[in-house]
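K.L.:
Turn this into a structure:
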Amino acid sequence: MFTWMVRRLFQACFVVLAMTVIVFVGVHVIGNPVDILISPEADQAERARIIANLGLDQPLWRQYLYFLNDAVHGNLGRSFVFNEPALKLIGGRMPATLELAVTAVLFSICFGVPLGLYAGLKPDSFFGRTVMAGSILGFSLPSFWVGLMLIMVFAVQLGWLPSTGRGQTEVLFGIHWSFLTWDGLRHMFMPALNLSLFNISLVLRLTRAGVRETLPMDYIKFARAKGLSPARVIFVHVLKNIMIPVVTVVGLELGSTIAFAVVTESVFAWPGMGKLIIDSINVLDRPVIVAYLMMIVLLFITINLVVDILYTVLDPRVRLETKA
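P.N.:
As a prediction, the model looks like this:
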């Protein structure tokens, strides 16, 4: 276990280092923030002073070394626009995105696993076929259109739910959270549902495929021959054995949901990291863009590590010490 953990941490550090090069170079070769941040009416002396203050007068390789040195000390740069540390800006928006993404993933599990289980156990039933047909919509419909339809129906026509914003929040551990208030939950429901539709369809189909593959197995037949109740066979023997791919997908989709919540946050005016990164891209605020992308990289690496550890809980046959 210890050897495996050290090896994975070494691999993670190498991946992060490689991504710093890709992200830093990729962001710095696209556009020139000087053209946006400096007024066209500024004279050459003023332009030179601002460029020097932003560190943009240095060659790219030296800018990268400065960035790497600051990153080791927990500093990912200072926003060109807000003149605040990039991590502080992102950290202020992160709770809103996290609670929205986690709620969306919970929706995908609560709806996707039961519906997929039913569709797998009774594939020829009318409801089972309807569920599988309906899952196609989750893959096909664009999220921005679904979000607009949800606003039109539930906010404009019916007036049941608020259309935009985060609503009332409560402070817990010094952080403002929406899920602690009823008004915040009402504001969160539509964007979380919109964000979860693709994941619900994905988990549903994955669960259904796993159930159809597991039911003919010999150990399932043996469990039934022993006289175990159908509920025990399904929830202990079938469901547990199909959870490994489900856990993998849910873990990776959590990272994807956080990273790509931009559209949903824009449609519902949700004040999260997605809206911040869109605003930063529009003004080429390089430190914020780089800091955001690096945090997403770290997030994916951490989730992959947690998923690998969960493998051993769900399937004792997985041995972390074995060589890949």
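K.L.:
Now do the helices in the stretch 1-150 of the chain.
P.N.:
In the stretch 1-150 of the chain, the helices defined using DSSP state H, counting those that start in this stretch lie at 2-28, 34-37, 44-54, 60-72, 86-121, 126-140, 143-150.
K.L.:
which residues touch the helix or strand just after the last one?
P.N.:
Following helix 143-150 in sequence order, the next helix or strand is strand 170-172 (DSSP states H and E). With C-beta atoms under 8 Å, 6 or more residues apart in numbering as the contact definition, strand 170-172 has outside contacts at H176, W177, L180, T181, G184. Just so you know, the C-beta spots here come from the backbone N, C-alpha and C atoms, and that holds for glycine as well.
K.L.:
Parallel or antiparallel, list what pairs with the following helix or strand past strand 170-172.
P.N.:
Moving toward the C-terminus from strand 170-172, the next helix or strand (DSSP H and E) is strand 175-177. Sheet pairing of strand 175-177 (DSSP bridges) gives strand 170-172 (antiparallel).
K.L.:
Buried residues, stretch 82-92. List them.
P.N.:
For stretch 82-92, a neighbour-count test (16 or more other C-beta atoms under 10 Å) marks F82, P85, A86, L87, L89, I90 as buried.
K.L.:
Can I get that stretch in PDB? Just the C-alpha atoms.
P.N.:
Extracted in PDB, the C-alpha atoms of stretch 82-92 (Å, rounded to 0.1, in the frame of the first residue of the first chain):
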ATOM      1  CA  PHE A  82      -8.900  42.700 -10.100                       C
ATOM      2  CA  ASN A  83      -5.400  43.200  -8.700                       C
ATOM      3  CA  GLU A  84      -6.000  40.400  -6.200                       C
ATOM      4  CA  PRO A  85      -4.300  37.000  -5.800                       C
ATOM      5  CA  ALA A  86      -5.800  34.600  -8.400                       C
ATOM      6  CA  LEU A  87      -6.300  31.900  -5.800                       C
ATOM      7  CA  LYS A  88      -8.300  34.300  -3.600                       C
ATOM      8  CA  LEU A  89     -10.600  35.100  -6.500                       C
ATOM      9  CA  ILE A  90     -11.100  31.400  -7.400                       C
ATOM     10  CA  GLY A  91     -11.500  30.400  -3.700                       C
ATOM     11  CA  GLY A  92     -14.200  32.900  -3.300                       C
END
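K.L.:
what's the spacing between it and its chain's center?
P.N.:
20 Å (C-alpha atoms, centre = their mean, to the nearest Å).
K.L.:
which residues sit against that stretch?
P.N.:
Residues contacting stretch 82-92 (C-beta under 8 Å, 6+ apart): 74-79, 273, 276, 285, 287-288, 290-292, 295.
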